[in-house]
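Asker: Build me a structure from this.
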Amino acid sequence: MNAICALHRQSHTVLPLFDKSRITQLALLLINGDPQQKLKKTASEVNPSDVDECRVFAKKYAVQIFNIFKNKDDPFFPPSRS
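Answerer: Numbers count the residues shown, from 1 in each chain. Below you'll find the predicted structure:
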């Protein structure tokens, strides 16, 4: 789910319009109004079908997500361990 939020925060990431729209919807649900756009909800707090859809998008965009991670393009992905 954090990967979906990272994709959303990377507005320059080129994705098909339909996927980008749905990823934005999912991310807004997961961010839950956080001003920094950090993941705020857990898997148990959202609909299981939304969690499944996050998995599908994470697999589909694994290369883009890995590049965000590898290049440290997102300050919240992966989440810091404290």
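
Asker: Which of the helices or strands spans residue 24?
Answerer: Following DSSP states H and E, one finds residue 24 within helix 17-31.

Asker: Enumerate the positions of the helix or strand that comes right after that helix that are buried.
Answerer: On the C-terminal side of helix 17-31, the closest following helix or strand by DSSP H and E is helix 48-60. Along helix 48-60, the positions that meet the burial threshold by neighbour count (16 or more other CB atoms under 10 Å) are 50, 51, 53, 54, 57, 58. Backbone N, C-alpha and C define where each C-beta goes, glycine included.

Asker: again, but for stretch 9-28
Answerer: Judged by neighbour count using 16+ other CB under 10 Å, the buried positions of stretch 9-28 are 9, 10, 13, 15, 22, 23, 26, 27.

Asker: By pLDDT, give me the weakest of these.
Answerer: For the buried residues of stretch 9-28, the least confidently modelled position is residue 13, at 75, judged by pLDDT.

Asker: isn't that residue right up against residue 7?
Answerer: Yes - taking CB atoms under 8 Å as the contact criterion, residue 13 and residue 7 are neighbours in contact, 5.9 Å apart.

Asker: if I look at those two, which residues touch both of them?
Answerer: Between them, residue 13 and residue 7 share these contacting residues under CB atoms under 8 Å, 6 or more residues apart in numbering: 64, 68.

Asker: If anything else comes up later, I'll come back, but that's it for now.
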